[in-house]
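# fold the following.
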Amino acid sequence: MTRQKSKRKVLSIFSCCVAMALTGCGDSMVTQDEIVTPKETEALEISTSTDGNTQNTLTTSIQEQVQVPEHYTCEITEGNITVKADADFVIPDAEGFKSYKVTPRIFVQEDYDTISRVLLDSAPLWTRDEEAMAESRGFIKSEIEEFIAEMKEKKESGSKTYLNGEPYDYDVHIAEYEKLLEKAPDEPIICDVPAIVPDSETVGNNPKGEKGCLSASATFQEENYDIWIDNNLYPQWNAAQFHVNVNSERAVGHSYDYVKPADINSSLAIETITQNAQQIIAEMGFTDFTPTIGEYCQKLTYSDGELAEIMYGEPRYAIPFERTIEGIPITYTHDQGLTVDNDEACWPQEAFILVFDDIGFTDFQWISPYTVEKVSDDTVFLLPFSEIQNVLEEMMVKVKAEEYTETDIKVTYKINEIRLGYMRVHEKGDVSEGTLVPVWDFFGSESLQYPDDDSVYSNEGISYESQFTINAMDGTVINRGFGY
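The predicted structure follows:
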């Protein structure tokens, strides 16, 4: 796959993607309001049927309610959009879905103590004493010497570097760093950091004295790890974050991309890594998280030349964990729910991910934790899959056509797995509370063919790409990017 034209998803929790607004394409198009009209009346009639012949009642198991076929196939083309399905089903083996309320929360001391104990053997926290190292801006001699050598090499090669859109003056910066070198210590001056997790109103242990943040390092098995907790919930960004990353080239950091196994040459011991992930979650005692099938990823960095290029690091193996509620998973997808609609707030989906190489874990991230409260012990009504199938076949090509309106790009979606699970949704404009609803996710690939190019650019082979999501209770289409 050629990377320059492929639609690759960069997983950077610090940047939000703005989705293309859905616009009508003529009188024959179904509007967004029509797409999300609930079928409440129909659901009520079926769920309260007393004729004794309706199998889809609230007292049957999930499998009996949804009545899926052994396999599902279809092919639909409308304009430049084609949907092909050749898919198996993944249905939870449980009595039924129930109603739950979801409330965002921050990380507490118990979270930190557990994760630090399991991942870092409760290693003490430390940081560079920036006040004591102020004359060298917190750098040591070897680091400054490396900066100077790199800048001299770029200057001699004629490489152009830009800073804030302006050409980088190597001579000025070399002279600046040479002056810092005179005051730089040989080794870092270290100070201890109390391992106390601040709430959103408490000044944390970080160099900038920011509220709600814990920023420090820990040394474990002769390697340094960076720990970052951000407990601030903002009106426009409603997600606490907890990151642990090894401070070396082993880490993928906050920006990485998933890749096809066929595109990389890796000797990672996947079976051992999977066992390590299972052992880690067991030791943490987080019984409501279950490891899923892992996938390869690579760190993304960008060259600083006039034409920035993406550079990829060595392959690593990421294992996401799904939160499960009474045996039913909250379905994990690559879409973190970072799309914003105008000035609406962003409430990312929860992510709990461990990344490994053959040495051990390299990165840990837990984003957007929340509390779950059961609303009712009654199981909710689920439409039979035959009705969900009708929604998919009628609406997917229409919705996708709106995403590619006024383009000549031919787009093909291949659905290879259909999964039923929970999804956290919220009302538009309200990120203070959400609900767990049962949804159908149609996993597969997206392939693009440009009019001036015979090649096809596809993400086929990458897992957890949900191409379409439908509410299992009323058949409405859900936008995972928005979260509703």
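# only the buried residues of stretch 138-148, if you could.
Using 16 or more other CB atoms under 10 Å as the test for burial, stretch 138-148 gives 138-141, 143-144, 147-148. (Glycine included, C-beta is placed from N, CA and C.)
# try stretch 172-180
For stretch 172-180, by 16+ other CB under 10 Å, it's 173-174, 177, 180.
# as TSV, the residues you listed with distance to residue 389 and pLDDT would be great.
Output for the buried residues of stretch 172-180, formatted as TSV (distance: CB to CB, whole Å; pLDDT from 0 to 100):
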residue	distance to residue 389	pLDDT
173	61	89
174	65	92
177	64	93
180	66	93
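# okay, and which of those residues map to helices?
Of the buried residues of stretch 172-180, the ones assigned to helices by DSSP state H are 173-174, 177, 180.
# okay, stretch 129-142 in CSV with CA atoms only?
What follows is stretch 129-142, C-alpha atoms only, in CSV (Å, rounded to 0.1, in the frame of the first residue of the first chain):
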residue,chain,number,x,y,z
ASP,A,129,15.4,19.7,38.8
GLU,A,130,14.7,22.4,36.2
GLU,A,131,15.4,25.2,38.6
ALA,A,132,18.9,23.9,39.4
MET,A,133,19.5,23.3,35.7
ALA,A,134,18.0,26.5,34.5
GLU,A,135,21.2,27.8,33.0
SER,A,136,21.2,24.9,30.5
ARG,A,137,17.4,24.8,30.1
GLY,A,138,17.4,21.4,31.8
PHE,A,139,19.8,19.8,29.3
ILE,A,140,23.1,18.0,30.1
LYS,A,141,26.3,18.4,28.1
SER,A,142,26.0,15.3,26.0
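# which residues touch that stretch?
For stretch 129-142, contacts defined as CB atoms under 8 Å, 6 or more residues apart in numbering pick out 128, 144, 147, 180-181, 183-191, 207.
# now which of the residues you listed would you call buried?
For these, buried by 16+ other CB under 10 Å: 128, 144, 147, 180-181, 184, 188.
# excluding chain neighbours, what is closest to residue 211?
residue 203 (5.5 Å; CB to CB, 6 or more residues apart in numbering).
# if I pick the one you found, what's in contact with it?
Listed by CB under 8 Å, 6+ apart, the contact partners of residue 203 are 209-211.
# let me know the closest of these to residue 484.
For those, the residue nearest residue 484 by CB to CB is residue 211; the value is 29.7 Å.
# adding distance to residue 417, write the ones in helices among the buried residues of stretch 172-180 out as JSON lines.
Shown next, in JSON lines, are these (distance: CB to CB, whole Å):
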{"residue": "173", "distance to residue 417": "52"}
{"residue": "174", "distance to residue 417": "55"}
{"residue": "177", "distance to residue 417": "53"}
{"residue": "180", "distance to residue 417": "55"}
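# which one of those is nearest residue 407?
So of these, ranked by how close each gets to residue 407 (CB to CB), first place is residue 173, at 43.0 Å.
# how close does the closest one get to residue 182?
Taking CB to CB, to the nearest Å as the measure, residue 173 falls 16 Å from residue 182.
# kindly report the same for residue 423.
58 Å.
# same question, residue 243
35 Å.
# ok, those two, which is more surrounded?
More neighbours surround residue 243 than the other of residue 243 and residue 182, with 19 against 10 (other CB atoms under 10 Å).
# what's opposite the more buried one in the beta bridge?
Residues in a beta bridge with residue 243, per DSSP bridges, are residue 228, residue 365.
# need the phi and psi values for residue 72.
Main-chain torsions, residue 72, degrees, to the nearest 10: phi -130, psi 130.
# from what I can see it touches residue 89, true?
Yes. The pair residue 72 / residue 89 is scored as a contact, 7.2 Å apart, by CB atoms under 8 Å.
# which residues do those two both contact?
If you check residue 72 and residue 89 against CB under 8 Å, 6+ apart, the residues they both contact are residue 418.
# residues in contact with stretch 243-254?
If you take CB under 8 Å, 6+ apart as the criterion, stretch 243-254 is touched by 11-14, 115, 119-120, 217, 223-229, 297-299, 313-314, 316, 318, 355, 357, 359, 361-365.
# in it, what's buried?
So for stretch 243-254, counting by 16+ other CB under 10 Å, buried means 243-246, 250-254.
# go on, stretch 415-426?
Within stretch 415-426, the residues that count as buried by 16+ other CB under 10 Å are 415, 417-426.
# would you map the strands across the stretch 251-400 of the chain?
For the stretch 251-400 of the chain, the strands defined by DSSP state E, counting those that start in this stretch occupy 256-258, 289-291, 295-302, 310-312, 316-325, 328-329, 351-356, 361-367, 370-379.
# what mean pLDDT would you report for the last one?
For strand 370-379, the per-residue pLDDT values average out at 95.
# which helices and strands does that strand pack with?
strand 98-104, strand 434-449 (3 or more CB pairs under 8 Å, 6 or more residues apart in numbering; DSSP states H and E).
# highest average neighbour count across the ones you listed?
Highest mean neighbour count among these (mean count of other CB atoms under 10 Å): strand 434-449, with a mean of 22.
# by how many degrees do that strand and strand 98-104 diverge?
Strand 434-449 and strand 98-104 are oriented at 90 degrees to each other (axes from the mean of the first three to the mean of the last three CA atoms, to 10 degrees).
# off-centre distance for strand 434-449?
Centroid displacement of strand 434-449 relative to its chain, using CA atoms, centre = their mean, to the nearest Å, is 14 Å.
# now swap in stretch 146-163 and tell me
Taking the mean of its C-alpha atoms, stretch 146-163 sits 35 Å from the chain's own mean (CA atoms, centre = their mean).
# so which bits of that stretch are buried?
Residues of stretch 146-163 classed as buried: 147-148, 151, 154-155, 161 (neighbour count, 16+ other CB under 10 Å).
# as a check, name the ranges of all helices in the protein.
Ranges of helices within the chain are 32-35, 40-47, 62-66, 109-120, 141-157, 170-183, 270-284, 385-403, based on DSSP H.
# any idea which of those gets closest to residue 473?
Nearest to residue 473 among the helices of the chain is helix 40-47 (6.4 Å), distances taken as CB to CB.
# let me know the pLDDT of the residue nearest the centre of the chain.
Centroid-nearest residue in the chain, with CA atoms, centre = their mean: residue 336, separated by 4.0 Å. With respect to pLDDT, residue 336 scores 91.
# ok, now which ones touch the nearest residue to it once chain neighbours are set aside?
Sequence neighbours aside, residue 348 is the residue nearest to residue 336 in space, at 4.8 Å (criterion: CB to CB, 6+ apart). The contact partners of residue 348, by CB under 8 Å, 6+ apart, come to 13, 239, 336-338, 367-368.
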